[in-house]
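> can't give you the sequence, but here's the structure:
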Ligand code: PGA
């Protein structure tokens, strides 16, 4: 299919993604633009709630988000897994503890994403389904990066996408805690409104990300395997 649109000379692609996909989207766009140097792109990064509003108002050509939206008619293509993990400062006392009960997290100060965040919803849902009270946020930030800084500063623990550690890796200043019920298995989808034919550029990008997604998923598997090995190496 890609070959059909290889001749694509110019065009404009408007992409909007949820916050954790911002770690991936620039890489995808970079490679895409090398394939199609005449194409210009814009990238909007926002939380799930805002992204759903943009889909409803046809703000962009394509969207990358977590679970496909309910109540909005969209075509959705699964892209790659988006595991949500518990993060703490490397010096945190729970760092080398195996199989921490979920309930134990309620004793820790929590740094939470803002209301409207899909990450936050997934976290609250996990506690709810286990019949536990919701963790109380010591602080709420609308940015994964600000949360990571706060974790390193020792202000608390948080639950974020594993993708947010793409630059520093899982053995840097932020450690992943081995907590029961984690990782929360989320997934990313590329979507566009049903009945609205994507532009030629958007179709090219869709085909491109479907292929790229397979490679990225393999790398992610390796990262998860590393975490599992660390786990089983614990006393
Ligand atoms: P968020 O979404 O950026 O709104 O937290 C993440 C997700 O839905 O997986």
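Received, thanks. None of these values were measured; they are calculated from a predicted model. Numbers count the residues shown, from 1 in each chain.
> Just give me the longest helix of the chain.
Secondary structure of the chain read by DSSP state H shows that its longest helix is helix 200-232.
> What residues sit buried inside that helix?
Neighbour counts over helix 200-232 (16 or more other CB atoms under 10 Å) mark 201-206, 208-209, 212-213, 216, 220, 223-224, 230 as buried. For every residue, glycine as well, the C-beta is placed using N, CA and C.
> Now find how far off-centre the least confident helix or strand in the chain by mean pLDDT is within its chain.
The weakest-scoring helix or strand in the chain, judged by mean pLDDT, DSSP states H and E, is helix 200-232 (a mean of 81). Relative to its parent chain, helix 200-232 has a centroid offset of 12 Å by CA atoms, centre = their mean, to the nearest Å.
> packing partners for that helix?
Contact here means 3 or more CB pairs under 8 Å, 6 or more residues apart in numbering; DSSP states H and E; on that basis helix 200-232 packs against strand 11-18, helix 25-35, strand 62-65, strand 74-89, strand 184-193.
> Let's see that with 6 Å instead.
If you count contacts as 3 or more CB pairs under 6 Å, 6 or more residues apart in numbering; DSSP states H and E, helix 200-232 packs onto strand 11-18, helix 25-35, strand 74-89.
> Determine which of these approaches residue 57 most closely.
In terms of CB to CB, the element of the helices and strands packed on helix 200-232 nearest to residue 57 is strand 11-18, at 11.0 Å.
> The closest one near the ligand at all?
Yes. Using CB under 6 Å from any ligand atom, strand 11-18 reaches the ligand at residue 18.
> now that strand and helix 25-35, what's the angle there?
Between strand 11-18 and helix 25-35, the angle comes out at 160 degrees (axes from the mean of the first three to the mean of the last three CA atoms, to 10 degrees).
> Can you tell me the strand partners of strand 11-18 and which way each runs?
Its sheet considered, strand 11-18 pairs with strand 39-46 (parallel), strand 62-65 (parallel) by DSSP bridges.
> if I look at the nearest residue to residue 217 once chain neighbours are set aside, how far off is residue 14?
Counting by CB to CB, 6 or more residues apart in numbering, residue 217 lies nearest to residue 80, which is 4.5 Å off, once chain neighbours are set aside. Distance of residue 80 to residue 14, given as CB to CB, to the nearest Å: 21 Å.
> quick one, which of the two is more surrounded?
residue 80 (22 against 18; other CB atoms under 10 Å).
> Quick check: that one touching residue 219?
No. Using CB atoms under 6 Å, residue 80 is not in contact with residue 219; the gap is 9.3 Å.
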